[in-house]
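**Student:** sharing a model that was predicted from the sequence below.
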Amino acid sequence: MEAFAGVLSVLPGPMRDPVIFAVPFFLLLLTLEWLAARKLEQSEAEVVPVGGYRTQDAWASISMGLVSMATTAGWKFVALLGYAAIYTYVAPWHLSPQRWYTWVIALVGVDLLYYTYHRIAHRIRLIWATHQAHHSSRYFNFATALRQKWNNSGEILMWIPLPLLGIPPWMVFASFTVSLVYQFWVHTERIDKLPRAVEFIFNTPSHHRVHHGMDPEYLDRNYGGILIIWDRIFGSFTPERFRPHYGLTKPVDTYNIITLQFHEYASIIADVRSATRWRDRLGYIFGPPGWQPGVREPARAGAPKSP
């Protein structure tokens with residue numbers, strides 16, 4: 001941990017992301033889950049074993065996570081400049097980080113805005129193109145949690161109301177780190193349903209398994225980060241009734257992390273080029289994943305059959 005602290009010490013205070021300190025914890029849980037999966041798994045057949053791992057798939061997820069840490073730092077640096085200007089010159093008041101309610105506003109605000117962004121990301125294809133990589137694995141385990149996007153620009157824009165409300169920029173980053181670390185542990189099949197009160201309020205592995213499934217019953221459900229109550233309030237909640245099938249409805253059969261990250265952008269460009277009307281071009285970009293001209297309910301060919 002001293003080595004991590006040494007690296008962070010060269011960064012400005014607001015940029016010292018606590019997620020780096022959580023990396024050893026992530027790796028420990030990932031290793032324990034992998035060992036349990038190896039012990040219980042009998043084969044790597046067509047049917048993906050419960051909680052299973054495939055080495056190439058796991059390494060792809062870990063590699064994407066490592067690149068994401070670097071790209072996220074870059075996006076946060078850009079955001080820091082913008083948030084600082086908004087906080088200093090536009091915010092009508094400044095909330096003190098010494099007050100408990102400032103932390104409540106920051107944490108709940110980040111969680112609500114995360115729910116909003118996450119839901120938008122599943123309904124607007126251009127934004128889905130940045131998010132779909134996280135859903136591309138047929139496995140659901142702690143390695144999958146590390147399969148993160150490299151373009152955080154949407155979230156950066158979504159957080160703008162927080163510095164505008166007087167939340168110090170570093171608290172915005174800290175609150176999102178809490179959300180990110182929390183969401184790591186919900187990516188597992190090794191934890192069954194938790195006590196009813198916990199399941200009612202918080203996002204849990206059971207709720208998030210639904211989100212990652214590719215079954216029609218689970219499509220576009222359970223977007224919550226820390227709290228699942230947003231899904232209950234806004235009508236996007238579905239309980240886990242059976243074990244989901246994971247991944248995209250149109251699988252990307254590769255472990256190449258560049259392809260996994262950017263293939264949907266290439267598909268958008270191809271669709272736009274093939275369109276003859278501006279209405280259709282805009283539909284391919286800003287419509288939901290799988291949108292087709294003249295089709296009211298899209299087939300969602302590029303979306304997870306259950307996000």
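**Tutor:** On my side now, so go ahead.

**Student:** now the longest helix anywhere in the chain: mean pLDDT?
**Tutor:** Identified as the longest helix of the chain according to DSSP state H is helix 55-89. The average of the pLDDT scores along helix 55-89 is 89.

**Student:** elements contacting it?
**Tutor:** Packing partners of helix 55-89 (3 or more C-beta pairs under 8 Å, 6 or more residues apart in numbering; DSSP states H and E): helix 19-40, helix 142-145, helix 153-158, helix 161-164, helix 169-184, helix 257-274. In short, each C-beta sits where N, CA and C put it, glycine included.

**Student:** now do the contacts for the spatially closest residue to Asp231 that is not a sequence neighbour.
**Tutor:** Of all residues not flanking Asp231 in the chain, Phe237 sits nearest, at 3.7 Å (C-beta to C-beta, 6 or more residues apart in numbering). Neighbouring residues of Phe237 by C-beta atoms under 8 Å, 6 or more residues apart in numbering: His207, Arg221, Asn222, Ile228, Asp231.

**Student:** again, 10 Å this time
**Tutor:** His207, Val210, Arg221, Asn222, Tyr223, Gly224, Ile228, Ile229, Trp230, Asp231 (C-beta atoms under 10 Å, 6 or more residues apart in numbering).

**Student:** repeat for Pro168
**Tutor:** 14, 83-84, 87, 91, 94-97, 102, 106, 162, 174.

**Student:** just the buried ones from the residues you listed?
**Tutor:** Pro14, Tyr83, Tyr87, Ala91, Leu95, Thr102, Ala106, Leu162, Ala174 (16 or more other C-beta atoms under 10 Å).

**Student:** in TSV, list those along with distance to His263.
**Tutor:** Compiled in TSV, those are given as follows (distance: C-beta to C-beta, whole Å):
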residue	distance to His263
Pro14	34
Tyr83	32
Tyr87	38
Ala91	40
Leu95	42
Thr102	42
Ala106	35
Leu162	33
Ala174	33
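
**Student:** stretch 56-64: how far from the chain's middle?
**Tutor:** 16 Å (C-alpha atoms, centre = their mean, to the nearest Å).

**Student:** I figured Trp170 was touching Ala79, is that so?
**Tutor:** No: taking contacts as C-beta atoms under 10 Å, Trp170 lies outside contact range of Ala79: 11.1 Å.

**Student:** which of these two has more neighbours?
**Tutor:** Ala79 (23 against 18; other C-beta atoms under 10 Å).

**Student:** residues contacting the more buried one?
**Tutor:** Contacts of Ala79 by C-beta under 10 Å, 6+ apart are 14, 72, 152-153, 155-157, 159-160, 163, 169, 172-173.

**Student:** who's in contact with Asp280?
**Tutor:** Per C-beta under 10 Å, 6+ apart, neighbours of Asp280: Asp271, Val272, Ser274, Gly287, Trp291, Gln292, Pro293, Gly294.

**Student:** same check on Tyr182?
**Tutor:** Contacts of Tyr182 by C-beta under 10 Å, 6+ apart are Asp111, Phe202, Asn203, Gly225, Ile226, Leu227.

**Student:** so which bits of the longest helix of the chain are buried?
**Tutor:** 57-58, 60-62, 64-65, 68, 72, 75-76, 79-80, 83, 86-87.

**Student:** and after that helix, which helix or strand comes next?
**Tutor:** Heading C-terminal from helix 55-89, the first helix or strand you meet, by DSSP states H and E, is helix 100-121.

**Student:** residues contacting the helix or strand that that next one is followed by, please?
**Tutor:** Using DSSP H and E, the next helix or strand after helix 100-121 towards the C-terminus is helix 125-131. The contact list for helix 125-131, computed with C-beta under 10 Å, 6+ apart, reads 117-118, 120-122, 124, 132, 135, 148-155, 261-268, 271, 283-291, 298, 300, 302-304, 307.

**Student:** alright, calling it a day.
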